[in-house]
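Novice: When you get a sec, could you give me coordinates for this:
(chains A and B)
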Amino acid sequence: MLKYFLRRCISIIPVLLVVSILVFLFVHLLPGDPARIVAGPDADEATIQKVRIELGLDKSLPEQYLTYMGRLFRGDLGKSLRSKLPVAQEIALRYPPTLYLAAASMAWSILFGVFFGAYAAMHRGKWQDYTAMVVAVSGISMPQFWLGLLLIQLFAVHLGWFPVTGFTGKWKELVLPSLTLGATVAAIIARFTLSSFLDVLQEEYINTARAKGLVERVVMWKHAFRNALIPVVTMVGLQFGFLLGGSVVVETVFAWPGLGRYMIESVSVRDYPVLQALLLLYSFQFVAINLIVDMLYAVINPEIRYK
Amino acid sequence: MADKTVTPFLIFWHKFKRQKSALVAGIFILLLVLAAIFAPVIAPYDPYATDYSLAMMPPSKEHWAGTDVFGRDILSRILYGARISLAVGLSSVAIGAIVGVTLGLLSGFFGGFLDELIMRTSDVLFAFPGILLAIAVVAILGPGLVNVIFAVAIFSIPTFARIVRGNTLAIKESLYVRAARSMGASNSRIMFVHIMPGTLGGAIVYFTLRIGTSILTASSLSFLGLGAQPPTPEWGAMLAESRDYIGVADHLTIFPGIAIFLTVLAFNIFGDGLRAAFDPKIR
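Specialist: Here you go, the predicted structure:
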């Protein structure tokens, strides 16, 4: 098992390396001269040249990459072009709200997703199954920004139960955004749980369990449910990365002071050090989640370990 | 039935038509395509014509879906918007599918270094959550619909590659492929004649489901101001314009949202129907 973990840890190194190169190159792929962008639209040639040397843009690409990586390992992500503050500091400020949002969304989408998925599987072919799945497919097809706008319209503007937008640390402010963000994931988890459940129900050991006279409830919860959850764990883990990414749209709708909205703002003002840092952060985060999910999967499913 | 040859298509059709909701979704998609093509004929008004005396009128007999801030007819804009959404959805998934299926076949068939390379690269692509990758691509290429197509296409590639690779690995070991090889069939013949058709079922299902997702992502990007720019009647962009009038003119938010929702829903239900029809476990 330890060997598998180690191998899996080593296998992500090339991925992280390629990601870092891509993110590094990102700046050079941008149209226009980065030095000119940094110096601002009114800068004269001398200033631009000064900025170019300051940023090391006059050196060769491999040299620049090494400098970039060196600074990265020291936790230096550069300075925001807009605020002139260190990017790391700007990100640290906006990380908690995004994390709260993702965690709240995850919590209730697992709750609803697994419950409705399992419920639909146990009532296969009956109205409960159809209703649950109609709701699920609707959840997947619902544009998050539209759902967000509708929830604001109904619960914030017309009924006044929740604040319209923003986040100052109150749980009430978390309700509408996390419902919006979690809807898609809840639907995906529900569908996945259903199909996983149905696969398990076709297994021989379910027949055996029934044949030996176990009550249907025991067959379902003890034999089917636990095994059906194995693939769901993987799914849920991967969805967490999706939630962190999906928050870009929801954060914009709800004026949420998190990373997602920061990213969109940075795109529109072309604050490229911020974009670079965010892309790096998001992808490292995603790779790390993948790794953890894989390890969890190995713990749950012995078949993987011995391969 | 007795004098009819049972072709794979007949089996497929027999299984597909039992799924009433998928059939309805298919008809909806067909109507939507027709509406998009004939938008200039059926749209009651010019989607760009402004009339400030009619700004933000609620739905009426003259304007079924009401008018927007500039007095433009929302129904006409939605009909024209169908052209944009369908074109963006279809073309981006088509690009992603062609690249992804080819890579997946090569990867699964040859294995070894090529497989490692393709799969690790798709891991990297996976490492950027879809919409973030799209935003990064748009940040490089600049906002606009064509760039959105590429941005959305790129992140369909890894999934197509994975699906096809997985199926290729399974089919590669099957008896009929071994039989073909023992008869001296060439690699490319085995790959494209014997293996590819078996992998396409999964790819086609994913293709249909992906159109829905792509339309959703593209309209999200437009909503964020990175895709279609005003005054283009794109559904996501229309919703972005409506944001400042929540509680004042609710119909601005409702109709473009319904358009996106129903379109994506139709593609998803249709895709699910295809999946069930292609599933050999279901008779």
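
Novice: Which helix or which strand is home to the closest residue to chain B within chain A?
Specialist: Chain A approaches chain B most closely through A:Gly245 (2.9 Å), counting by Cβ to the nearest Cβ. Heads up, the C-betas are built off the backbone N, CA and C, glycines and all. Using DSSP states H and E, A:Gly245 maps to helix A:226-253.

Novice: try B:Val146
Specialist: Going by DSSP H and E, B:Val146 is part of helix B:145-154.

Novice: Just the residues contacting that helix, thanks.
Specialist: Counting contacts by Cβ atoms under 8 Å, 6 or more residues apart in numbering or on different chains, the residues outside helix B:145-154 that touch it are B:84, B:88, B:91-93, B:95-96, B:99, B:125, B:133-135, B:137-138, B:141, B:214, B:217-218, B:221-222, B:226-228, B:232, B:234.

Novice: which parts of the stretch 1-150 of chain A sit against chain B?
Specialist: Taking Cβ under 8 Å from any Cβ of the partner chain as the contact definition, the stretch 1-150 of chain A meets chain B at A:14-15, A:18-19, A:22, A:26, A:29-31, A:137-138, A:140-146, A:149-150.

Novice: For PyMOL, what selects the buried ones among those residues?
Specialist: Buried residues within the residues of the stretch 1-150 of chain A next to chain B, by 16 or more other Cβ atoms under 10 Å in any protein chain shown, are selected in PyMOL with:
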select buried, chain A and resi 15+18+19+22+26+30+137+138+140+141+142+143+144+145+146+149+150
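
Novice: still on that earlier bit, near chain A, list only the ones from the contacts of helix B:145-154.
Specialist: B:135, B:138, B:226.

Novice: Quick check: A:Asp42 vs A:Ser83, distance?
Specialist: 19 Å (Cβ to Cβ, to the nearest Å).

Novice: err, B:Ala259, not the other one
Specialist: Relative to A:Ser83, B:Ala259 is positioned 39 Å away (Cβ to Cβ).

Novice: Same check on A:Ala43?
Specialist: Plainly put, A:Ala43 is 18 Å away from A:Ser83 if you go by Cβ to Cβ.

Novice: More neighbours: which of the two?
Specialist: Between A:Ala43 and A:Ser83, counting by other Cβ atoms under 10 Å in any protein chain shown, A:Ala43 is the more crowded of the two (16 against 12).

Novice: For the more buried one, give me its contacts.
Specialist: Shown in contact with A:Ala43 (Cβ under 8 Å, 6+ apart): A:36, A:51.

Novice: Would whatever helix or strand A:Asp294 lives in count as contacting chain B?
Specialist: Using DSSP H and E, A:Asp294 falls within helix A:272-300. Yes: against chain B, helix A:272-300 shows contacts by Cβ under 8 Å from any Cβ at A:272, A:275, A:279, A:282-283, A:286-287, A:290.

Novice: ok, so of the residues you listed, who is nearest A:Val215?
Specialist: Set against A:Val215, the nearest of the residues of helix A:272-300 next to chain B by Cβ to Cβ is A:Asn290 (39.1 Å).
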